[in-house]
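1. Just need the structure, nothing else, for what follows:
(chains A, B, C and D)
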2 protein chains.
Amino acid sequence: MDVKTVCLGMLTDGEASGYDLKKQFESTFSHFFAAGYGSIYPALSSLLADGLVDCREIPQDGRPARKVYRITEAGRDRLRLALDEPNPGHKVRSEFLATMYFAHLMSPEQVAAVLDNRLQDLDRYLRMFDEFERCSGDWTDGMRFVCGFGRAMTEATIAYVEKHRDSLVARRTESTPEQHVREPATTMTGHSTQ
Amino acid sequence: MDVKTVCLGMLTDGEASGYDLKKQFESTFSHFFAAGYGSIYPALSSLLADGLVDCREIPQDGRPARKVYRITEAGRDRLRLALDEPNPGHKVRSEFLATMYFAHLMSPEQVAAVLDNRLQDLDRYLRMFDEFERCSGDWTDGMRFVCGFGRAMTEATIAYVEKHRDSLVARRTESTPEQHVREPATTMTGHSTQ
DNA sequence: GCGCATATATATCGATTTGATAGTATGCAT
DNA sequence: ATGCATACTATCAAATCGATATATATGCGC
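-> Reported below is the predicted structural model:
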């Protein structure tokens, strides 16, 4: 399941332009499948070339013409085929966790800052889910499942970070730094690798 | 924080070859920062060209020579700089959730298969974390934090999927692959804000 | 009236990442 | 004896990311 397939899926809901799809990637899909113009426009071109969508232009004054895409029958077939994959992946790419992995190379203040910023982001996510749910009247079960999933993850993350924050930051706010020496006077240039 | 930075971080633990780093990406880092040879080797080349690591070759009979990389002082500086980023990202790319989003376009059997396969994967993750923790004697706080994070997410995911599985699959077990109409107000909705 | 942000719309470009593949040797199990 | 796993290296096309460019219109504060 790549961006092409997701675009195809979005188009089952009605015709849309690349701009429209981008907005959906930025809202409902943002917490589990983000995509930018650099992916969306090539995806639509490719789908069009393969006859999986068709396109009509709606001229507008001032703005460039809207190019509105619509899924074709071939497109629906292709989508069904893609949705048949029984074990779709789920990948996390976390610079946050990578940073925390190396917490021993950072000052306690730096670690605290990273954790607090993450908590703020998570709070923003929570508010986003509130927003979503406020207008979830006509949602499908799938949409509810996915949104609830995001909320559950966010809440579990907040709980975990708040619980373990101190064990990462706690250490004395000064003295005996493991690796992050401030004064380069006594260098470890001797390559003291094991 | 890209692959280059993570490689640099791994090398603070001692010298290593690209192959060694790959193994670490596949084990400890796999649940939040995977990388393949196609990223690792170019990363090491680039680090070498920038003088952030150095390299010595250890010839072996039969196999190609080991190229063992070691972080330099410039490399440590660069790493400290990278770790100073106060708000590192955390991204999810989930074909699983994208698929579930379109559950209404699938048969109940397909949906059930996807959910069950996911649960199996999650169970495998759980066992992986058990494995990790069995030899966590000399771990840093950061490593413990990251591993605990992965376990917490996995457990929360299992709980969520098991709790909501039926609401996605439920509908009559025999059905057309085409989409179905949603029924009004079954009481299982439950806004579990817990 | 001026500058600025935001929204509507399109699209491209370099850099990075992914996923698969290739090569070459040892050793182990079927 | 054949296939498979492990140990090493490495590359390549395709996909994706993130930033940017090009227009115009609307609204907001100063």
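
2. What parts of chain A come near DNA strand D?
-> A:2-4, A:34-39, A:42-43, A:61-64 (C-beta under 7 Å from any atom of the strand). For the C-beta atoms, the positions are set from N, CA and C on the backbone; glycine is no exception.

3. any idea how far the closest residue to A:D84 other than its chain neighbours lies from A:D61?
-> Take A:D84 and drop its neighbours on the chain: the residue closest to it by C-beta to C-beta, 6 or more residues apart in numbering or on different chains is B:Q110, 6.4 Å away. As judged by C-beta to C-beta, to the nearest Å, B:Q110 and A:D61 stand 46 Å apart.

4. out of these two, which sits in the busier spot?
-> B:Q110 (19 against 4; other C-beta atoms under 10 Å in any protein chain shown).

5. Briefly note if the longest helix along chain A comes near chain B.
-> Taking DSSP state H as the criterion, chain A has its longest helix at helix A:141-169. Yes: legend: contact between helix A:141-169 and chain B by C-beta under 8 Å from any C-beta of the partner chain is shown at A:141-146, A:148-149, A:152-153, A:155-157, A:159-160, A:164, A:167-168.

6. What residues of that helix count as buried?
-> Residues A:141-158, A:160-161, A:164-165, A:168-169 are the ones in helix A:141-169 that count as buried (16 or more other C-beta atoms under 10 Å in any protein chain shown).

7. A helix includes the residue nearest to A:D84, no?
-> Yes: according to DSSP: H, G, I helix; E, B strand; the rest coil, B:Q110 belongs to a helix.

8. unless I'm mixing things up, it is touching A:N87, no?
-> No: checked against C-beta atoms under 8 Å, the pair B:Q110 and A:N87 is beyond contact range at 11.5 Å.

9. what about A:T28, which helix or strand?
-> Remark: A:T28 resides in no helix or strand, with elements defined by DSSP states H and E.

10. count of neighbours near it?
-> Using other C-beta under 10 Å, A:T28 has 19 neighbouring residues.

11. Was I right to think it contacts A:F132?
-> Yes: A:T28 lies in contact with A:F132 (C-beta under 8 Å); the separation is 6.9 Å.

12. what's the overlap in contacts for those two?
-> Shared contacts of A:T28 and A:F132, defined by C-beta atoms under 8 Å, 6 or more residues apart in numbering or on different chains, comprise A:C147.

13. what residues does chain A put near DNA strand C?
-> A:17-20, A:22-23, A:36-38, A:41-42, A:44, A:60, A:63-68, A:89, A:93.

14. of these, buried ones?
-> A:17-18, A:20, A:22, A:44, A:67-68, A:93.

15. ok, those residues vs DNA strand D, which is closest?
-> Within these, proximity to DNA strand D (C-beta to the nearest atom of the strand) peaks at A:R93, which comes in at 8.7 Å.

16. show me where pLDDT drops low in chain A?
-> Counting by pLDDT under 70, chain A contains low-confidence ranges at A:62, A:171-194.

17. Identify the residues contacting the residue in it that DNA strand D sits nearest to.
-> Among the residues of chain A, A:G38 lies closest to DNA strand D, at 2.2 Å counting by C-beta to the nearest atom of the strand. Contact analysis of A:G38 by C-beta under 8 Å, 6+ apart lists nothing.

18. residue boundaries of the strands in chain A?
-> A:53-58, A:66-71, A:90-94 (DSSP state E).

19. Describe which strands the first one pairs with in its sheet and in which direction.
-> When pairs are called by DSSP bridges, strand A:53-58 turns out to pair with strand A:66-71 (antiparallel).

20. so how far is the partner strand off the chain centroid?
-> Taking C-alpha atoms, centre = their mean, to the nearest Å, one finds the center of strand A:66-71 at 25 Å from the center of the full chain.

21. Run through who's touching it.
-> A:8, A:11-12, A:15-19, A:44, A:47-48, A:52-58, A:60, A:79.

22. cool, stretch A:4-20 as well?
-> For stretch A:4-20, contacts defined as C-beta under 8 Å, 6+ apart pick out A:21, A:24-25, A:29, A:33, A:35, A:37, A:40-41, A:43-44, A:46-47, A:52-53, A:66-71, A:75-76, A:78-79, A:82-83, B:98, B:101-102, B:105.

23. One more: stretch A:109-124?
-> Outside of stretch A:109-124, the residues that reach it under the criterion C-beta under 8 Å, 6+ apart are A:96, A:99-100, A:103, A:154, A:157-158, A:161-162, A:165, A:168-169, A:173, B:83-88, B:90.

24. 7 Å - rerun?
-> A:96, A:99-100, A:103, A:154, A:157-158, A:161, A:165, A:168-169, B:83-84, B:86-88 (C-beta atoms under 7 Å, 6 or more residues apart in numbering or on different chains).

25. Check stretch A:42-57 too.
-> A:3-4, A:7-8, A:11, A:18, A:65-72, A:74-75, A:78.

26. Tell me who's in contact with the residue nearest to A:E133 when sequence neighbours are not counted.
-> Closest residue to A:E133 apart from its sequence neighbours, by C-beta to C-beta, 6+ apart: A:C147 at 6.7 Å. Residues near A:C147 by C-beta under 7 Å, 6+ apart: A:129, A:132-133.

27. Only the buried members of these: can you turn that into a PyMOL selection?
-> Of the contacts of A:C147, the buried ones go into a single PyMOL selection, burial set by 16+ other C-beta under 10 Å:
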select buried, chain A and resi 129+132
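
28. Among the contacts of A:C147, which one lies nearest to B:Y125?
-> A:F129 (24.1 Å; C-beta to C-beta).
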